[in-house]
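Undergrad: Build me a model:
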Amino acid sequence: MLVLILLVAIGFIVISTSKWKLHPFIALLIAAYGIAFSVGMKYADIAKTITSGFGGILAYIGIVIVLGTIIGVILEKSGAAVKMASVVLKIVGKKRPVLAMSIIGYIVSIPVFCDSGFVILNALKRSMVKQLKVSGVAMSVALATGLYATHTLVPPTPGPIAAAGNLQVGNLGLVILFGLGIAIVTMLAGYFWAMKSGKIYKSGEDLDLDLEKDYEVKEKYGELPSAFKSFAPIFIPVLLMALASIASLAFKGASSTFIYKVFVFLGHPANALFVGVLFATLLLPKFNEETLSGWVGEGVKNAGEILIITGAGGALGAVLKASGIGDYLGTSLQTLSLGILVPFIIAAALKSAQGSSTTALVVTSTIMLPLLGSLGLDSEIGKVLTVMAIGAGAMTVSHANDSFFWVVSRFSQMDVPTAYKAYTMATLIQGLATIAVVSILAGILL
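TA: From the prediction side, this is the model:
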């Protein structure tokens, strides 16, 4: 009966968000109340459990999500994302434009949503297609899959942050380090398929003679910021969180030393992202109402929906934990020896059914929290690898119910059948390659 209740709840979330177009926040809350009543939870405890779950996850991760989205908006509007792309292109070289496009996507999508990243880099991509006589399909798939790799695996992108919060990961720096490493394999899987698909399929970009020129990019943003100013808001917070993780190991037993305290303070996700925001202010063309209120306000607004979905996921997680469903299901799944594949399968089913990677990350991590102990994933490394497995599922697969699918197909001038063959297939390959790496790491480290 407990398993049936959970399956009905998951089915409701999938159908209500994909078919009935109900907002995930309401769907998650209805599921939380439905489970609470179904398992016979005391009426006096239901609201308390839901509100504590909602508030608990936002207390852990709310500020980080807001700061991360503010950085993303500033990078987008200041032209820093385009500058980063041009720097990567110079390093990789014009002889390998498809690889350059993959790396550009990998970097830009760490703080910027993949939809926005594709839109702002599309003019650069199209210019390269014409000037370098390279396949438009290959370049589009490379950019899309590069963006997708870090979008689902690497904080401070909101989805992986929310998943880490729901799973109560104590060290976000470890999630970043594992995410950055695993996402390289994910990116390369997308790159190799981009190269193959570019030889098979054609898009409107391969025929269109009226493509954007480089000067149009420069005209839009004016003088682009320096490379240091462009990269600093991303890499300095990542570096601070990584150093805090290293300090925790290097100074184990010497936590009273000044240098340990400094590293740990600056490496806390909220503090590190705030430092990132301070560096992002160097990108502001003017300190006026448009930038200090408008750009920052847009970041806050963009974070709002992620926050409430994440909070609702935390509420559902709290109910699942209190209901005992997790313990029972975990024990049952343990006999099947699926281990790290469980979060991947759940996330992939949710992603394919309702389209949103962020929703798949939030909901799956919520479901997984009470299962960690039974599946042998309750260690810190186990939780980190669970986040990676959920991220792998959350990219498997992107198709017509995903807004990013339409961004890629329309901006790349691919018809729908071509987009399915070139791009959707790429996300399937990426997801399978990612879970393969995660499974190997789980076998070695757990």
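
Undergrad: for the protein, which spans come out with low pLDDT?
TA: 208-221, 249, 252-255, 326-337 (pLDDT under 70).

Undergrad: Pull the residues that contact the strand or helix carrying residue 428.
TA: Assigned by DSSP states H and E, residue 428 falls within helix 425-445. Helix 425-445 is contacted from outside by 141, 144-145, 148-149, 153, 178, 182, 185-186, 189-190, 193-194, 197, 339-341, 344, 348, 381-382, 385, 388-389, 391-393, 395-398, using Cβ atoms under 8 Å, 6 or more residues apart in numbering. In short, each C-beta sits where N, CA and C put it, glycine included.

Undergrad: Of these, which belong to helices?
TA: 141, 144-145, 148-149, 153, 178, 182, 185-186, 189-190, 193-194, 197, 341, 344, 348, 381-382, 385, 388-389, 391-393 (DSSP state H).

Undergrad: what ranges do the helices span in the stretch 251-400 of the chain?
TA: 258-267, 269-280, 296-323, 325-334, 341-354, 357-368, 372-375, 380-393 (DSSP state H, counting those that start in this stretch).

Undergrad: For residue 429, see how far away residue 340 is.
TA: Distance, residue 340 to residue 429, using Cβ to Cβ, to the nearest Å: 19 Å.

Undergrad: Compare neighbour counts for the two and give me the winner.
TA: A side-by-side neighbour count of residue 340 and residue 429, using other Cβ atoms under 10 Å, places residue 340 first with 23 against 19.

Undergrad: so who does the more buried one touch?
TA: 375, 377, 385-386, 389, 435, 438-439, 442, 446.

Undergrad: try 7 Å this time
TA: Remark: with contacts taken as Cβ atoms under 7 Å, 6 or more residues apart in numbering, residue 340 is in contact with 377, 385, 389, 438-439, 442.

Undergrad: Please apply the same query to residue 142.
TA: Residue 142 neighbours (Cβ under 7 Å, 6+ apart): 98, 101-102, 190-191, 194.

Undergrad: And the residues you listed, which is closest to residue 125?
TA: residue 101 (6.3 Å; Cβ to Cβ).

Undergrad: My understanding was that the closest one contacts residue 125; is that so?
TA: Yes. Contact criterion Cβ atoms under 7 Å: residue 101 and residue 125 qualify, at 6.3 Å.

Undergrad: Could you export stretch 130-146 as PDB, CA atoms only?
TA: Taking C-alpha atoms only, stretch 130-146 is exported to PDB below (Å, rounded to 0.1, in the frame of the first residue of the first chain):
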ATOM      1  CA  LYS A 130      29.300  30.900 -42.100                       C
ATOM      2  CA  GLN A 131      32.800  32.100 -41.600                       C
ATOM      3  CA  LEU A 132      34.400  28.700 -40.900                       C
ATOM      4  CA  LYS A 133      32.100  26.700 -43.300                       C
ATOM      5  CA  VAL A 134      31.200  24.200 -40.600                       C
ATOM      6  CA  SER A 135      28.000  22.200 -40.100                       C
ATOM      7  CA  GLY A 136      25.200  24.200 -38.500                       C
ATOM      8  CA  VAL A 137      23.700  21.100 -37.000                       C
ATOM      9  CA  ALA A 138      27.100  20.100 -35.500                       C
ATOM     10  CA  MET A 139      27.600  23.500 -34.000                       C
ATOM     11  CA  SER A 140      24.100  23.700 -32.600                       C
ATOM     12  CA  VAL A 141      24.100  20.300 -31.000                       C
ATOM     13  CA  ALA A 142      27.600  21.000 -29.600                       C
ATOM     14  CA  LEU A 143      26.500  24.200 -28.000                       C
ATOM     15  CA  ALA A 144      23.200  22.700 -26.700                       C
ATOM     16  CA  THR A 145      24.900  19.700 -25.100                       C
ATOM     17  CA  GLY A 146      27.700  21.700 -23.700                       C
END
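
Undergrad: And for residue 289, the neighbour number?
TA: So residue 289, with other Cβ under 10 Å, has 9 neighbours.

Undergrad: what's the answer for the one 3 residues further on, then?
TA: The number of residues packed around residue 292, counting by other Cβ under 10 Å, is 13.
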